[in-house]
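Colleague: Any chance you could fold what I've pasted below:
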Amino acid sequence: MRRTSSPWIAILAVLTLALVSAGCPKTPPTPPASPSPTPVPTEMGVVVNLVEHTGTDPEKPELRAAAGPDHIRWSNPTSVDRKIHFTVDWPFMETSGDITVAPGAKSPWFTLDPAKVSGGGEPFPYQVSPPLATPTDGPDEPEVSGMP
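Modeller: As a prediction, the model looks like this:
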C-alpha cells in the first residue's frame, strides 16, 4: 500500500504554520520622535530680596549693559507693601517712578539703560519704605550699580 498522504500532511503543516505566523499581532512600529518644543525665553537677571530687619539682599547688585545681567527685580516676602524710590537718578529703560512691591510678590523686571552708564560705572542709590532695617542696623542705603 502506498502512502500518498504524507507529502500532503507536510504541505498542510507548512501552510498552517505560515497562516498562524501571518495572523499573529506584530509589534506596532515606533512612532517618529516628536521635535522638542522650542523653549520659551524667560527674563533673567538679579533678584533683590527685601528682608525684614536686615535690608536688601544683595545690598548692592551690579548690572551690566554690555554683558551679564542687565535686568533686576525685587521680591517682597514681608507682610506689607514696600516702595522702592531711587533718590538720585532713574537707571532703567522703563518709565521712571516708584516701584511698589506687594507682600509676597515680585516686581516686574527692569532693564538697565545703557545710556545711563555709558561714561563708566554709576551707583544708583534707592530707599525702601517702610524701612526694612532700623538706622542702627547699617548706615548705607542700598543701591544698584550700573556698569557699561
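
Colleague: contacting residues for residue 77?
Modeller: 49-51, 104 (Cβ atoms under 8 Å, 6 or more residues apart in numbering). The C-beta positions use only the backbone N, C-alpha and C, and glycine is treated the same way.

Colleague: how about 7 Å then?
Modeller: 49, 104 (Cβ atoms under 7 Å, 6 or more residues apart in numbering).

Colleague: How about residue 133?
Modeller: Applying Cβ under 7 Å, 6+ apart, we find residue 133 in contact with 53-55.

Colleague: CA atoms only: put the longest strand seen in the chain into CSV for me.
Modeller: The longest strand of the chain (DSSP state E) is strand 122-129. What follows is strand 122-129, C-alpha atoms only, in CSV (Å, rounded to 0.1, in the frame of the first residue of the first chain):
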residue,chain,number,x,y,z
GLU,A,122,27.5,104.5,38.2
PRO,A,123,25.8,103.9,41.6
PHE,A,124,22.0,104.4,41.7
PRO,A,125,21.0,104.6,45.4
TYR,A,126,17.4,103.9,46.4
GLN,A,127,15.3,103.8,49.6
VAL,A,128,12.8,101.2,50.7
SER,A,129,9.8,102.3,52.6
